[in-house]
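Chemist: using only what follows, build the 3D model:
(2 chains)
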Amino acid sequence: MDYKFGQSKKGRVLVAMSGGVDSSVAAALLVQQGYDVVGATMQVWDYTKGACDIQEGNGTCCSSTDVDDARAVADHLGIPFYVINCEAKFQAYVIDEFIGSYLEGRTPIPCSNCNTYLKFDHLLQKMKELECDFIATGHYARIDDADGEPKLISSHDDWKDQTYFLFTLEREILRHILFPVGHMKKPEVRELASKLGLNVAGKKDSTGICFIGKGGYSEFIEQRVAKDLLKPGPLRQYPGGEHLGLHEGIHHFTYGQRKGLGIATGSPLYVVRIDPALNTVWLGEEKHLYSSHLQIRRMNWLSEVRAGEEFTVKIRFQHKGARAKIREISADQAELEFIEPQRSVTPGQAAVFYRDKQLVGGGWIA
Amino acid sequence: MSKTIYLDHNATTPPHPDLGPQVLPWLNVWGNPSSIHWAGREPKRLIREARLALATLLGVDPLELIFTSGGSESNNLAIQGVMLSQAIANSGRDELILSGVEHPSVRKTAEALARRGFKLKILPVDREGQLDLQLLREALNPRTALVSIMLANNETGHIFPIPEIVRWSHAAGALVHCDAVQGLGKIPVRLVDLGVDLASFSGHKFYALKGSGVLYVRRGLQLEGLIHGGAQERGRRAGTENLLAIASLGWMAGKAGEVAERGQAVHALRDHLEQRVLAEIPDVTITGAQGLRLPNTSSLILAGIDGETLLMNLDVQGFAVSTGAACSSGSPEPSPILLAMGLSREEAQSSLRLSLGWGTHAAEVDDFVATLKAVVTRLRGFRSLPHRER
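Modeler: Numbers count the residues shown, from 1 in each chain, chains lettered A, B, ... in the order given. Sure, this is the predicted structure:
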């Protein structure tokens, strides 16, 4: 090791390295820019738990290659690297909440919770403890502090923009965050990775939820909760209430879902409502999927807003955004009215507000 | 890194500074030591001389030494070898006794045997790491085949009273194995004085190259081998020998005259370090300071400090230390040894192990104490920082 430390005038950065291309390039860019860089991987989950239940002492075969990849990049860059175990916290704040949401008829966003309670809390604490000035990640997002007041801005790459998962950030920590690849497009990041000789340049993008294996999320939940919490219940026709059949547990459903309903009807039906109290899934026609207003809880504001102001609001990660006005607003709640009704407003997902490219706030759909 | 200060000699030692030039000619000794022709003579000579030097150092017969790949293999071979031999001989002795603070290569070997039907008794130790010999006396019985107790603990440096353990065990008809890996190079180790039946050693904890170890097996003792094959090591450990590592261990055995003198210098430095730490940093305790200890080891508990975070802070400033929590896999489990001594999880998670070596200088120790003080002071300021809640 010949890394030099404590000599950079730009300061010290703790960079969260997942072993993927984006965070690897982020770390490399920080080194190029002259920061003192410390790499860290959060060990959040034993990915092999489901597939490989071999007990210690009987020849354990499991290890995460992502950690090895991150370590190889850190070695290549000549920066110190640590694995920080966050399994317990990940279980409590991400996994348990993920399962709980489905049992309550909501469709959760585990990535937001991981950002809120792990990357930008647990790791932020490590940043302070390691005397770092900044924390950096490979997110496709930007911070603009041209006027001294840091703003969260969506990525240059519209397709990859990940600000939707970052709406819970506290305003005061923005000035400590660096997103080194936020101004780049994904192909540029890959190209740079291979130009820099990073071993992860050709690695596949991670897609979907990192801890869900081949069995899908229903199986994941079934393996982890008591059977009596996953009871069959009625499928009813919205709005009349006609009995259409039985479902095998509300955790199999999300709003707007059309496939896998387990019934055959003449006209296409969609999940329009999940009622956990009555263990009932309501199916309706396409027109019943649309709604023009929504309630938002646990709001987090990253910028000042005016009541009556119009925003572009994203109600799921892949949503292209729709214009909406805030009707009512309080410290942590808001009520929104869309200019045009939106399809499948889903409890458990986030409504994230943008003023042009700037993320001004967001909250959880009730 | 501008500066590197290594205070983790219980994990591994750097090769002796004079060893490098010795190794170069050995690279040309490439023959198979088992060969009868000319190419086999020189490697065979190197192994024979290494064995003789080690036997002289330990005060045993050269033929009582088996070269292995290291401490873990020596421990595995000793424990499995004895227990399997007893089973094959149908001796009626199927019980194994350990202390609660043995190295994982002892503990897990014993647990593996327990899964196959052997009986296992684990003797607790107190907060100072000391074993109550009365408990050993009570545990010994006609079914006890083997007692395995380490010479010195890797975390705290506590030295166990091996001769007394041997006396009680032999009186009950049991054999005694001693994991002496942490003793070699730190204190004089004379097996004739210890009186044990088997003892394990490792080259890389003794300034030799990695990949060599030794198991002492008292002459005449029945030992079932683990690695079957060729007739190397008189049929007790098959496989072509790791010549460079074995030769380096033998060469170090010849340097063992330095142990007493160097041990004294290290002892003085360790005491200086502890005095300064206790005087200058509040709320620090030293684990195992009451009993007999290795002269190089210091196990500290720094109240309110997360050992893992402390280690990272020291690392980025060039200091290599250990928390005892093997966290290469990211698992922050506190040291099972400290937990077995009755320390709380919080105490164990606040522990820091320093182990000095032959190359440690006074200036390095002073530099370390100053840095430790600064880091601990800063980290204690973070103690009550709140985390986000839902």
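
Chemist: got a list of what residue A:312 touches?
Modeler: Shown in contact with residue A:312 (CB atoms under 8 Å, 6 or more residues apart in numbering or on different chains): A:321-324, A:353-356. Using the backbone N, CA and C atoms, a C-beta is placed for each residue, glycine as well.

Chemist: recalculate using a threshold of 6 Å.
Modeler: Taking CB atoms under 6 Å, 6 or more residues apart in numbering or on different chains as the contact definition, residue A:312 lies against A:321, A:354.

Chemist: part of a strand, is it?
Modeler: Yes - inclusion of residue A:312 in a strand is indicated when DSSP: H, G, I helix; E, B strand; the rest coil is applied.

Chemist: from residue A:185, how far off is it?
Modeler: Between residue A:312 and residue A:185 the distance is 21 Å, computed by CB to CB, to the nearest Å.

Chemist: what number of residues lie near residue A:170?
Modeler: Counted with other CB atoms under 10 Å in any protein chain shown, the neighbours of residue A:170 add up to 13.

Chemist: separation between it and residue A:129?
Modeler: Distance of residue A:170 to residue A:129, given as CB to CB: 18 Å.

Chemist: same check on residue B:276?
Modeler: Look at residue B:276 and residue A:129: by CB to CB, they are 24 Å apart.

Chemist: more crowded one of these two?
Modeler: Summary of the neighbour comparison: residue B:276 and residue A:129, criterion other CB under 10 Å, with residue A:129 having more neighbours (22 against 17).

Chemist: any low-confidence regions in the stretch 251-366 of chain A?
Modeler: For the stretch 251-366 of chain A, applying pLDDT under 70 flags no range at all.

Chemist: can you give me the strands in it?
Modeler: If you assign secondary structure with DSSP state E, counting those that start in this stretch, the strands in the stretch 251-366 of chain A sit at A:270-275, A:280-284, A:290-301, A:310-314, A:322-329, A:334-343, A:350-355, A:358-365.

Chemist: deepest of the ones you listed, which one?
Modeler: For the strands of the stretch 251-366 of chain A, average neighbour numbers computed from mean count of other CB atoms under 10 Å in any protein chain shown are highest in strand A:350-355, which has a mean of 24.

Chemist: show me what that one pairs with in its sheet, parallel or antiparallel.
Modeler: Here the strand partners of strand A:350-355, with direction, are listed using DSSP bridges: strand A:310-314 (antiparallel), strand A:358-365 (antiparallel).

Chemist: now the nearest residue to residue B:159 once chain neighbours are set aside: how far from residue B:154?
Modeler: Using CB to CB, 6 or more residues apart in numbering or on different chains and skipping residues adjacent in sequence, the residue nearest residue B:159 is residue B:292, 4.3 Å away. Taking CB to CB as the measure, residue B:292 and residue B:154 are separated by 15 Å.

Chemist: ok, and the closest non-adjacent residue to residue A:76?
Modeler: residue A:198 (6.5 Å).

Chemist: list the buried ones in stretch A:163-171?
Modeler: For stretch A:163-171, the buried set under the neighbour-count rule, 16 or more other CB atoms under 10 Å in any protein chain shown, comprises A:163-169.

Chemist: first-to-last residue distance for it?
Modeler: Taking CA to CA, to the nearest Å, the first and last residues of stretch A:163-171 lie 14 Å apart.

Chemist: the helices in the stretch 101-250 of chain A, which residues?
Modeler: Counting by DSSP state H, counting those that start in this stretch, the stretch 101-250 of chain A has these helices, from start to end: A:110-113, A:123-129, A:186-195, A:216-222.

Chemist: next to chain B, which bits of the stretch 101-250 of chain A? Give me the list.
Modeler: Taking CB under 6 Å from any CB of the partner chain, the part of the stretch 101-250 of chain A that reaches chain B is made up of A:117, A:121, A:129-130.

Chemist: the helix or strand where residue A:39 lies: what's the following helix or strand?
Modeler: Element membership for residue A:39, per DSSP states H and E: strand A:36-43. Per DSSP H and E, strand A:36-43 leads on to helix A:65-77 as the next helix or strand towards the C-terminus.

Chemist: does residue A:175 touch residue A:148 like I think?
Modeler: No - between residue A:175 and residue A:148 there is no contact under CB atoms under 6 Å: 9.3 Å.

Chemist: who's more crowded, the two?
Modeler: For residue A:175 versus residue A:148, neighbours defined as other CB under 10 Å are more numerous around residue A:175 (13 against 6).

Chemist: if I pick that one, what's in contact with it?
Modeler: By CB under 6 Å, 6+ apart, the residues touching residue A:175 are residue A:150.

Chemist: okay, strands next: where are they in chain B?
Modeler: With DSSP state E, the ranges of strands along chain B come out as B:5-6, B:65-68, B:95-99, B:119-123, B:144-148, B:175-179, B:198-202, B:213-217, B:284-286, B:297-302, B:319-320, B:351-355.

Chemist: which one of these lies closest to chain A?
Modeler: When the strands of chain B are compared for distance to chain A using CB to the nearest CB, the nearest one is strand B:319-320, at 10.6 Å.

Chemist: what about the closest one, near chain A?
Modeler: No - judged by CB under 6 Å from any CB, strand B:319-320 and chain A are separated, with a smallest distance of 10.6 Å.

Chemist: what pairs with that strand, parallel or antiparallel?
Modeler: Pairing partners of strand B:319-320, with direction, according to DSSP bridges: strand B:5-6 (parallel).

Chemist: need the residues that contact the strand it pairs with.
Modeler: B:318-320, B:364.

Chemist: of the buried residues of stretch A:163-171, which is the nearest to chain B?
Modeler: Taking CB to the nearest CB as the measure, residue A:168 is the one of these closest to chain B, at 8.6 Å.

Chemist: the closest one contacts residue A:299, doesn't it?
Modeler: No - taking CB under 6 Å as the definition, residue A:168 is not a contact partner of residue A:299, at 10.0 Å.

Chemist: list the residues that contact the residue nearest the centre of chain A.
Modeler: The centre of chain A sits closest to residue A:111, judged by CA atoms, centre = their mean, with a distance of 2.3 Å. Listed by CB under 6 Å, 6+ apart, the contact partners of residue A:111 are residue A:165.

Chemist: all set, thanks.
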